[in-house]
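# After the sequence you'll find the predicted model.
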Amino acid sequence: MKNTVVISLLALSAVFATCKKEDPKPEPETPVEEVPAATMKLNFEHRVGSDLLEFDETYVNAKGDSFTVNKFIYYISNVVFHKSDNSTYTVPESYYLVDHQKNDSKTITISNIPPGTYKGVSFMLGVDSLRNVSGVQSGALAVSNNMFWTWSSGYIFLKLEGSAPKSPNGNLTYHIGGFKGENNALRTFNFSFGDNIGLNNKEVATLLMSVDIAEMFKTPTVIDFSTFSFQMSAGPNAKQMADNYVDMISYKGHTK
Amino acid sequence: MKKIKNLFIALLPAAMMVACKVDPKINTPKPVNNLVEQVPEGWPAPVYRFANNPISEKTFELGRALFYETLLSKDNTVSCGSCHQQFTAFAHADHNLSHGVNDRLGNRNSPGIFNLTWHTSFMHDGGINHIEVQPLAPITNPVEMDEDISNVIAKLQATERYRKLFKESFGTDEVNSQRMFRAMAQFMALMYSNSSKYDLVKKGEAGFTESEARGYELFKINCGTCHTEPLFSDFKFRNNGIRFNPALNDSGRARITNLAEDLYKFKTPSLRNVELTGPYMHDGSITTLEKCVEHYTLPPKNTTNLDPSLEGYPMQLNAGQRTDIVAFLKTLTDKKFINDQRFADPNFN
């Protein structure tokens, strides 16, 4: 009899154990073991040359032509932190939409980073090819964010819109993307911190990144608004713009 | 005592299942009124495998409701079902070009919808790379439904019927683009058309008439290289010599690839249900099946990037042979599919 009771109890607990994974309430007797973790924040500051970006302010491009900006949105993805021992920590599912109009979006907070000594960070501007061909995604990658071409599948990596007197219709519309072949516009940015950043458990470091829109119109191709003011698809012109903005982001230091 | 113990152990798996069943988040795929992801015999492996989109009756029904939902369009007048009607195998009857909100005309013919699970790309130019993102194109196209996805989501979220359907399908009543398009993909991807007379003949359950049989032999020689069995398309892009219409100015596949070599190429359509899907060609410029077959016996009207198999007068077919080919093409009509209540407008059931 006793045996049966024991077996029954064991069986009952087995029944619960099988369902544990989907049980919304954690068992009170087994506290979750805390994994040491630190936090890195990536703060993106938008500039045009030496000025902070303000929508509808007038700036001058490398060619000497004036322009304004009223939309600036881009994807940061596939963030990897590089440790001083040359190992790396790849942030899982790291897709973020940075929108100048939304202040919160300009600071990307990445928690659950293993404590350690870090010497650099890398990330992509854009969305890797796999997520361009895998159907509907969620979060930053949701198609409802209007950063996905509906007529020729693929993510828009960066949108810059504004105005320029030299543009034939007065507008600047640059929607840059493309994940295929020679017109791939996906660009990876690598930054060395110079000084290593040591992160202990629960510590937070903020990386200050500067994004200079003037660089989009400068090197290697000086953009002439009278001949190139509109791009809304992947292709050679989108690639040219990606080659221009590959030096747009710089690392300015960190705070802890 | 031993007996009771054994009985308990025997019942244990059942007890475990019962215990797990109460979990509301359970998300195991189950067949939808016999709609199982089952590849017809002799067919190639499907492209879309419902990854992260487990087949369930509730999700299928949500997708069906969305397919027939006019809230997807800007002025709430046009649904997918407006231009994809079941009685024409989900093409648009009597419309050479698609017809959008405010009577706007598109520049392409609305194709039939079936067996999409096997398609490697979507639209006449193949611009869409995945079935889940396909509905984005007609919903946002100004000459079709002209709506913004965020607006669609807001409209659905404000509708009690959809809050209920999303909750039944996904556990909460949140409407978001991923849920919406996965449900629609599920409905569309499960539209299998494989019950035509041709299919019955292949299974040995029916026989061709003499004319159909002659037509089939002619078809295999003259048409079957591009319209490959059993799906009756290889889904590749070609210029079949159709006259270029300057008013539409449609560059075809080149619009997507930017390549001169793709100029005027369009995706080879499946010929299943072709009796029902007229008018024909990407621009709806040919009205009858007879004229479609005749087209291939005449000199091509646009020779830029013309498919090599169509040089000159590609097909030497007399009137009787053309009639036989049309007779065969009509054996590809799937009456079971076009009368299948699972795909019908739920608002009229």
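Received it, and whenever you're ready, just let me know what you need.
# Can you pull up the most central residue in chain B?
Centroid-nearest residue in chain B: residue B:113, 2.6 Å away (criterion: C-alpha atoms, centre = their mean).
# For the nearest residue to it once chain neighbours are set aside, what are phi and psi?
Leaving aside its sequence neighbours, residue B:113 sits nearest to residue B:90 (C-beta to C-beta, 6 or more residues apart in numbering or on different chains; 3.7 Å). The way it works is simple: take the backbone N, C-alpha and C, and place the C-beta from them, glycine included. Dihedral pair for residue B:90: phi 70, psi 30, per degrees, to the nearest 10.
# swap in the one 10 residues further on?
Summarising the backbone geometry of residue B:100 under the convention degrees, to the nearest 10, its torsions are phi -110, psi -160.
# Would you check that residue B:292 makes contact with residue B:284?
No - using C-beta atoms under 8 Å, residue B:292 is not in contact with residue B:284; the gap is 11.6 Å.
# tell me which element residue A:112 falls in.
strand A:107-113 (DSSP states H and E).
# Oh, that last question was meant for residue A:195, not what I typed.
Assigned by DSSP H and E, residue A:195 falls in strand A:187-199.
# Okay, now the sheet partners of that strand, with direction.
strand A:116-125 (antiparallel) (DSSP bridges).
# can you pull the buried residues of the strand it pairs with?
Buried residues in strand A:116-125, counted by 16 or more other C-beta atoms under 10 Å in any protein chain shown: A:116, A:118, A:119, A:120, A:121, A:122, A:123, A:124, A:125.
# Could you pull up the contacting residues of whichever residue of the stretch 1-150 of chain B sits closest to chain A?
Residue of the stretch 1-150 of chain B nearest chain A, by C-beta to the nearest C-beta: residue B:132 (3.4 Å). Applying C-beta atoms under 8 Å, 6 or more residues apart in numbering or on different chains, we find residue B:132 in contact with A:135, A:136, B:53, B:181, B:182, B:184, B:185.
# try 6 Å
Contact analysis of residue B:132 by C-beta atoms under 6 Å, 6 or more residues apart in numbering or on different chains lists A:135, A:136, B:181, B:185.
# Residue A:113 now?
Contacts of residue A:113 were listed using C-beta under 6 Å, 6+ apart, and they are A:38, A:40.
# Please name the bridge partners of it.
With DSSP bridges as the criterion, residue A:113 is bridged to residue A:38.
# How many residues are close by residue 246?
Assuming you mean chain A. 17 (other C-beta atoms under 10 Å in any protein chain shown).
# To clarify, I was referring to chain B.
Neighbours of residue B:246 under the rule other C-beta under 10 Å: 7.
# part of a helix, is it?
No - Residue B:246 is assigned coil when assessed by DSSP: H, G, I helix; E, B strand; the rest coil, not a helix.
# quick one: the strands in the stretch 151-300 of chain B?
Ranges of strands in the stretch 151-300 of chain B, per DSSP state E, counting those that start in this stretch, are B:237-238, B:266-267.
# Quickly compare the ones you listed and say which is most buried.
strand B:266-267 (a mean of 23; mean count of other C-beta atoms under 10 Å in any protein chain shown).
# That one pairs with which strands?
If you go by DSSP bridges, strand B:266-267 pairs up with strand B:237-238 (antiparallel).
# Now do the same for the residue nearest in space to the middle of chain A: its pLDDT.
Nearest to the geometric centre of chain A sits residue A:76, at 1.6 Å (C-alpha atoms, centre = their mean). In this model, residue A:76 is scored at 98, pLDDT.
# and it, that's in a helix?
No - Residue A:76: not assigned to a helix; according to three-state DSSP it is strand.
# Surely it is in contact with residue A:95?
No - counting by C-beta atoms under 6 Å, no contact exists between residue A:76 and residue A:95, whose distance comes to 8.0 Å.
# Only the buried residues of stretch B:251-258, if you could.
Residues B:251, B:252, B:253, B:254, B:255, B:256, B:257 are the ones in stretch B:251-258 that count as buried (16+ other C-beta under 10 Å).
# quick one: the helices in the chain?
I went with chain A, as the question did not name one. Applying DSSP state H to chain A gives helices spanning A:2-19, A:129-132, A:236-245.
# Please refer instead to chain B.
Taking DSSP H as the criterion, chain B carries its helices at B:2-21, B:57-67, B:80-83, B:136-140, B:149-157, B:160-170, B:177-189, B:197-202, B:210-222, B:254-257, B:289-295, B:319-329, B:335-338.
# Per-residue confidence, residue A:23, what does it come out as?
You'll see residue A:23 listed with a pLDDT of 45.
# closest point of chain A to chain B, which residue?
Closest point on chain A to chain B, by C-beta to the nearest C-beta, is residue A:135, at 3.4 Å.
# Does that residue touch residue B:130 like I think?
Yes - assessed by C-beta under 6 Å, residue A:135 is found in contact with residue B:130 at 4.4 Å.
# if we can go back for a sec, would you mind finding the most buried of the helices of chain B?
Most buried of those, by mean neighbour count (mean count of other C-beta under 10 Å): helix B:177-189, with a mean of 25.
# ok, residues contacting that one?
Contacts of helix B:177-189 (C-beta under 6 Å, 6+ apart): A:136, A:138, A:142-144, B:48, B:53, B:59-60, B:62-64, B:66-67, B:116-117, B:131-132, B:135, B:149, B:170.
# and residue 246, backbone torsions?
Went with chain A since none was named. phi -70, psi -20.
# Get me the contact residues on the stretch 151-256 of chain A for chain B.
Counting by C-beta under 6 Å from any C-beta of the partner chain, the stretch 151-256 of chain A comes close to chain B at A:151, A:152, A:153, A:235.
# Would you mind measuring from the second one to residue A:73?
Between residue A:152 and residue A:73 the distance is 19 Å, computed by C-beta to C-beta, to the nearest Å.
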